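Colleague: here is my input; please provide its structure:
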Amino acid sequence: MTARTRRGMTLLEVLVAVAILGSAGLATVMLGTEWWRAVRNAREADRSLREASAFFEAVALWSREDLDRHLGTRTQGPWRMRVDRAVPTLYVVTLADASSGRTILETTLFRPGSPRATP
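Modeller: Below you'll find the model as predicted:
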């Protein structure tokens, strides 16, 4: 090989190395961006679940009469809440995301029947 041919090969090797390093750098930046987006989405989902849980805790304290008044499906802020009476003493309460319809929380609440008057 002549010196001129060798210089050409060195230039080609440098160009290939720069292309490889550039591709690796771009992949690293894209990976970091995706990681940041995933962390942000996880934090948002956690915040949303905490808010829904706090609302659900309040619903769990409702009396039998309150649950009867809320039978069916209704919008409650960013959620759709459905209250069904499975049997006379059991209520199934479901909280779903109003925009996507995805169920967030669901529980069954026991409320004893009203005591009957004895003669």
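Colleague: only C-alpha atoms from now on, for both contacts and neighbour counts.
Modeller: Will do.
Colleague: and what about the nearest residue to residue 53 once chain neighbours are set aside, helix, strand or coil?
Modeller: In space, and not counting its chain neighbours, residue 53 is closest to residue 105: 7.6 Å by C-alpha to C-alpha, 6 or more residues apart in numbering. Reduced to three states with DSSP: H, G, I helix; E, B strand; the rest coil, the structure at residue 105 is strand.
Colleague: could you say what helices and strands the helix or strand bottoming out on mean pLDDT in the chain packs with?
Modeller: Counting by mean pLDDT, DSSP states H and E, the chain has its least confident helix or strand at helix 3-60, which shows a mean of 89. Judged by 3 or more C-alpha pairs under 8 Å, 6 or more residues apart in numbering; DSSP states H and E, the packing partners of helix 3-60 are strand 103-110.
Colleague: so what touches the strand it packs on?
Modeller: 49, 52-53, 56, 60, 89-97 (C-alpha atoms under 8 Å, 6 or more residues apart in numbering).
Colleague: just the angle between it and helix 3-60, please?
Modeller: 20 degrees (axes from the mean of the first three to the mean of the last three C-alpha atoms, to 10 degrees).
Colleague: okay, now the sheet partners of strand 103-110, with direction.
Modeller: Applying DSSP bridges, strand 103-110 is found paired with strand 90-97 (antiparallel).
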